[in-house]
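In: return a 3D structure for these sequence lines:
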Amino acid sequence: MKNCSLIVCATIGIFRLTAFAQTPAPIPVLHIHANQIIATVSPVFSGMMTEEINHSYDGGLYAELIQNRVFKDDATNPAHWLLMQEGGGVASIALDNTNALNKELPISLRLDVISASETNRAGIANDGYWGIPVKPKTRYRASFYAKAAAGFNGPVTVAIESEDGATAFAQAKVKHLTENWQKYSVTLTTSRNVTPTTKARFMLVINSPGTIWFNLVSLFPPTWHHRPNGNRIDLMQKLDDMKPGFLRFPGGNYLEGSSLATRFPWKETLGDLTNRPGHTCCWGYRSSDGMGLLEFLEWAEDLKAQPVLAVYAGYSLPPKSDLVKPGADLQPYVADALNEIEYVIGDTSTKWGARRAADGHPAPFKLNYVEIGNEDWFDESGSYDGRFAQFYDAIKAKYPQLQCISTVGNEQPEKKRVHSRKPDVLDEHYYRSAENFEQEAPSRFERYDRNGPKIFVGEWAAYEDIMPWSAKSRHLPPTPNLKAALADAAWMTGMERNSDLIVMQCYAPMLVNVNPGGRQWRPDLVGYNALNSFGSPSYYAMAMFNTNRGNVVVRTSLDGLAPDKIAPLDFSVTKNTKSGTIYIKLVNVTSTPQTSQIDLDGVKEIAPTGLSVVLKSAKLDDSNSITEPTNVVPIAQNIDGLGHVFMRTFAPYSVNILKIQTK
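Out: As a prediction, the model looks like this:
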């Protein structure tokens, strides 16, 4: 009997297991109604936010290779400049404020050479931004201003050498100096067999006794679109590949500074580099201001993106820092903003439009949005409403076509915002954990009042576990891993579905120098050192979204889930009304494959083949780096079996785009 009981029990167990196994989990159904348009996608929906942080410009996008080119980075020492004495060469260097190039550049570097010859050289060397990048068969443009004391007239050897001085990668000579300040320029060309390296320095070398003063020493590699004061090619290519609709500049905290004195001085960033004194950046280092207002505008122009101009509005960070009260005190800053706008869009009959033309760009730029300040929800005085109103009235009076962006978003969407002037757009910033983004993506923006202002999500990024402002984050990689990228993609589906509300959005920060000491914030979209660069998984997720988007959002729903289950997939669906192309975006943040039935109606014909683009990896902490730049990248492949109803399985930890052609 015992054996029988065991057999019976075993049989019952098998029955229960079989019954359980034969009960399939419900398969969710994604219903797409392609003929039901619920929103128009703004042509500038996805763009870029930029500011000088993490050496984004100096030591980053701005292609200048010399650090501390005007000798202002340290008041007592020539930072990043070293005295070079070879063999029996004897010399000294010192900062000199008695031999100014001009009032903007009052500090020169004095080199006193006591003894030198062809074989016993003396001079100065610059270590660049964590090295001078040397590449094969590359032309570098070197220039400097110099004057010599009586008795010395040259020559000066200009060179890129290895750190130990053993190898000259490229060199040229300036044969004659004068006793007056003059600019000297040479071209340095590396050979085709040079091994790429950052272990190099820039040299100005003397082979006879004398005294020379230097200022504005510059070295440029080839630049994007060959601009003489231009941008780094590999970084611009990565930005161009994202196809941004707009560029928001100059920041960010960089716009307002940590005080009135350190705000972005747009007028001082115009014209020849000799007229740009530079200023203290709020992120702990000086800005050369080589990336000035015109360079920002040309940057946007080169990317075929619209500029979104932020103007200083009388408030600086951190909280309780300098504040300009509304009224008479604020009026000069309002006038300054109007002048800045005139520089951007004024014709050549205007004062600042004529100045833009004199700076080399006669045609006005296209401008639709002006942001008034930055993150003014931190203003504890409550003055922003008055400050915003004063700017709003002045801008609308002179430029009624411009849309004014308020920076006091980030309230609960259920709360009614109070403004004495209704903003055209509210700027909201979100730095949230991956878990929060995944939780909020399905419904955050669905709860907003559609009668309120439009929304500009002007800064956003998911972090994995540790908050960006925590000291513990300093030990993490500067760019996000797959876990953050999945959350970023989920967040993007939520923003895209709500394109009737959200007119613009951009990740921040965008750029980071990954060398030790190069960053102040993480996570960041694109990383680089002096020689190489890479996109993070979040970069690739954003590029996938930007390059696969229609001009309208169509009605979509995900049904068939168990009542106690959350949706396993985040989604958004857009359509190109001209071509009939449908773009389906689905994000699987789970560790298991997710199968879904896709029902597509509202179209007559569906091509049986299409395109699938997938970003995925086996582990959430997988990422990219300088040494492994393509560890996590999208894979595109043709797919078949498409129709009005079809099934697809989405891999664990994946961002998916299906591109389907319809008629």
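In: quick one: what helix or strand has Gly290 in it?
Out: Gly290 belongs to no helix or strand when assigned by DSSP states H and E.
In: count the residues that sit near it.
Out: 20 (other C-beta atoms under 10 Å). Yep, even glycine has a C-beta here, placed from its N, CA and C like the rest.
In: please report the distance of it from Ser579.
Out: 42 Å (C-beta to C-beta, to the nearest Å).
In: now do Ala305
Out: From Ala305 to Ser579 the distance is 22 Å (C-beta to C-beta).
In: these two: which has the busier surroundings?
Out: Ala305 (22 against 12).
In: got a list of what that one touches?
Out: 44, 47-48, 244-247 (C-beta atoms under 8 Å, 6 or more residues apart in numbering).
In: one more pass at 10 Å, please.
Out: Going by C-beta atoms under 10 Å, 6 or more residues apart in numbering, Ala305 touches 44, 47-48, 239-240, 242-248, 299, 366.
In: quick one, grab the pLDDT at it.
Out: Ala305 is assigned a pLDDT of 98 by the prediction.
In: for the contacts of Ala305, which one is nearest Trp491?
Out: Gly47 (15.5 Å; C-beta to C-beta).
In: just checking, that closest one touches Asn368?
Out: No: with contact defined as C-beta atoms under 10 Å, Gly47 does not count as touching Asn368 (12.0 Å).
In: neighbour count: these two, which is higher?
Out: Gly47 (27 against 16).
In: ok, for the more buried one, nearest residue in space, not its chain neighbours?
Out: Phe246 (3.5 Å; C-beta to C-beta, 6 or more residues apart in numbering).
In: Glu371 versus the one you found, what's the distance?
Out: Counting by C-beta to C-beta - Phe246 and Glu371 are separated by 11 Å.
In: which neighbours do those two share?
Out: By C-beta under 10 Å, 6+ apart, the residues touching both Phe246 and Glu371 are 308, 456.
In: of these two, which one has the most company?
Out: The neighbour comparison of Phe246 against Glu371 (other C-beta under 10 Å) goes to Phe246, with 26 against 22.
In: any idea what that one is bridged to?
Out: Judged by DSSP bridges, the bridge partners of Phe246 are Gln306.
In: ok, it - contacts?
Out: Contacts of Phe246 (C-beta under 10 Å, 6+ apart): 42-49, 300, 303, 305-308, 368-369, 456, 503-506.
In: just the buried subset of those, please.
Out: 42, 44-49, 300, 303, 305-308, 368-369, 456, 503-506 (16 or more other C-beta atoms under 10 Å).
In: inside strands: which ones of those residues?
Out: 48-49, 306-308, 369, 456, 503-505 (DSSP state E).
In: and the furthest pair within these?
Out: Farthest pair in these, by C-beta to C-beta: Pro307 and Gln505, 16.3 Å.
In: now the common contact residues for Gly47 and Asn368.
Out: 246, 306-308.
In: domain-wise, how is the chain divided?
Out: According to automatic domain parsing, the chain comprises the domains 17-43+550-661, 48-63+225-525, 81-220.
In: possible to save the shared contacts of Gly47 and Asn368 as a markdown table with distance to Val589?
Out: A markdown table is the format used below for those (distance: C-beta to C-beta, whole Å):
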| residue | distance to Val589 |
| --- | --- |
| Phe246 | 28 |
| Gln306 | 32 |
| Pro307 | 35 |
| Val308 | 31 |
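In: from these, pick the one nearest Pro277.
Out: Nearest to Pro277 among the shared contacts of Gly47 and Asn368, with distances taken as C-beta to C-beta, is Pro307, at 24.1 Å.
In: OK, contacts around the nearest residue to the closest one once chain neighbours are set aside?
Out: Closest residue to Pro307 apart from its sequence neighbours, by C-beta to C-beta, 6+ apart: Ala300 at 4.5 Å. Contacts for Ala300 were tallied using C-beta under 10 Å, 6+ apart; they are 47-48, 50, 244, 246-249, 306-309, 365-367.
In: one more time with 8 Å
Out: Neighbours of Ala300 in contact, by C-beta under 8 Å, 6+ apart: 246-247, 249, 306-307, 365.
In: what's the answer for Met84, then?
Out: 121-125, 165, 203, 205.
In: what's the answer for Asn229, then?
Out: Contacts of Asn229 (C-beta under 8 Å, 6+ apart): 220, 273, 290, 295.
In: hmm, try it at 6 Å
Out: Listed by C-beta atoms under 6 Å, 6 or more residues apart in numbering, the contact set of Asn229 is empty.
In: the residue lying closest to Asp302 once chain neighbours are set aside: how many residues sit nearby?
Out: Distances taken as C-beta to C-beta, 6+ apart place His225 nearest to Asp302, at 5.6 Å, with adjacent residues excluded. Neighbour count of His225, defined by other C-beta under 10 Å: 11.
In: part of a helix, is His225?
Out: Yes: counting by DSSP: H, G, I helix; E, B strand; the rest coil, one finds His225 located in a helix.
In: do you know how far it is from Gly290?
Out: 16 Å.
In: cool, Ser42 as well?
Out: 32 Å.
In: shaky segments in this protein?
Out: 1-25, 319-320, 410-418, 562-566 (pLDDT under 70).
In: all set, thanks.
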